[in-house]
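1. Make a model of this:
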Amino acid sequence: MGDSERENPAPETPQPEAEQPETEKTETGQPEAETASAAPEETPPAEGVESEAPAVEADAQAEAGTEAPPEAQPEPEPAAPEIIPGPHYGTGRRKASVARVYLRPGSGNVRVNGRPLDEFFTAQFWRRHAREPLEFLGLGAQFDAEVRVHGGGSTGQAGAIRMGLARALALANPAGRVRLRQAGYLTRDPRMKERQKPGQKGARKRFQWTKR
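-> Down below sits the predicted model:
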């Protein structure tokens, strides 16, 4: 037994060779080193050429469902008021005064009983009160007015002219009629002085009475 084992020794087992590390492969199946070398280098955009970054951002916003806010557009200019050529007539009353107003396109001259408005009324309050409808609609320089007024005092006459101008303007500019109505220019002021009552000193005042 011992001699046979010496004559036929057991075959030696071959040792495995050292494994060489394999290069990691990318998803495409090529080695990582090769794909890195194959990728083209990024070159900066040339001068004068717009970058595609804004377009890429816009596409990303569209995919995400968010759109860029629209640019602000200029507001349209208001249309000029429609004016019907005259002449137009309006009657106004206030207290005991009656004014008849003839309105026609012009340059803003107002004459009362043949005189300019600034000469007929001495106080600025009366002049401004009479022209209120023209200034309210912004048409003070587009019409001329000829006014005939009688009865009452300066306050009543200014109020009568104011109402007559408003009625004539409502015919000349139908678009402004609603504004004149809302501002109260087409409503007559009914306030008047009460008359003196018989058997007493005034509208409300009584004569003095002594018992003894």
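2. Could you pull out the strands in this structure for me?
-> Per DSSP state E, the chain carries strands over the ranges 88-94, 97-105, 110-112, 115-116, 143-150.
3. Given the third one, what are its sheet partners and their directions?
-> Using DSSP bridges, the strands paired with strand 110-112 in its sheet are strand 115-116 (antiparallel), strand 143-150 (parallel).
4. Can you check which of the strands of the chain gets nearest to Ala166?
-> Nearest of those to Ala166, taken as Cβ to Cβ: strand 88-94 at 7.1 Å. In short, each C-beta sits where N, CA and C put it, glycine included.
5. Would you check how far apart the residue nearest to Gln196 when sequence neighbours are not counted and Glu132 are?
-> Leaving out its chain neighbours, the residue that sits closest to Gln196 by Cβ to Cβ, 6 or more residues apart in numbering is Gly202, at 5.4 Å. Note on Gly202: its distance to Glu132, by Cβ to Cβ, to the nearest Å, is 33 Å.
6. what residue ranges in the chain score low on pLDDT?
-> By pLDDT under 70, the weakly predicted segments of the chain are 1-81.
7. which one's the longest helix in it?
-> The residue-count maximum for a helix in the chain (DSSP state H) belongs to helix 154-172.
8. Please name every helix or strand in contact with that one.
-> Identification of packing neighbours for helix 154-172 by 3 or more Cβ pairs under 8 Å, 6 or more residues apart in numbering; DSSP states H and E yields strand 88-94, strand 97-105, helix 124-130, helix 132-137, strand 143-150, helix 177-183.
9. In CSV, list those along with mean neighbour count and distance to Asp189.
-> Shown next, in CSV, are these (neighbours: other Cβ atoms under 10 Å; distance: least, Cβ to Cβ, whole Å):
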stretch, mean neighbour count, distance to Asp189
strand 88-94, 20, 6
strand 97-105, 20, 11
helix 124-130, 17, 12
helix 132-137, 19, 13
strand 143-150, 20, 16
helix 177-183, 14, 13
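10. Could you dump the ones you listed into CSV and include distance to Leu171?
-> Formatted as CSV, the helices and strands packed on helix 154-172 follow (distance: least, Cβ to Cβ, whole Å):
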stretch, distance to Leu171
strand 88-94, 4
strand 97-105, 8
helix 124-130, 18
helix 132-137, 12
strand 143-150, 12
helix 177-183, 8
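11. Which among the ones you listed is found nearest to Arg191?
-> Nearest of the helices and strands packed on helix 154-172 to Arg191, taken as Cβ to Cβ: strand 88-94 at 8.8 Å.
12. And that closest one, what does it pack against?
-> Checking 3+ Cβ pairs under 8 Å, 6+ apart, strand 88-94 ends up next to strand 97-105, helix 154-172.
13. Tell me what angle that strand forms with strand 143-150.
-> 40 degrees (axes from the mean of the first three to the mean of the last three Cα atoms, to 10 degrees).
14. can you pull the alpha-carbon coordinates of strand 88-94 into PDB?
-> What follows is strand 88-94 as a C-alpha-only set of coordinates in PDB (Å, rounded to 0.1, in the frame of the first residue of the first chain):
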ATOM      1  CA  HIS A  88     -81.700 121.900 -28.600                       C
ATOM      2  CA  TYR A  89     -84.200 123.500 -26.300                       C
ATOM      3  CA  GLY A  90     -84.700 123.100 -22.500                       C
ATOM      4  CA  THR A  91     -86.800 124.900 -19.900                       C
ATOM      5  CA  GLY A  92     -85.800 125.100 -16.300                       C
ATOM      6  CA  ARG A  93     -87.600 126.400 -13.200                       C
ATOM      7  CA  ARG A  94     -86.500 127.200  -9.700                       C
END
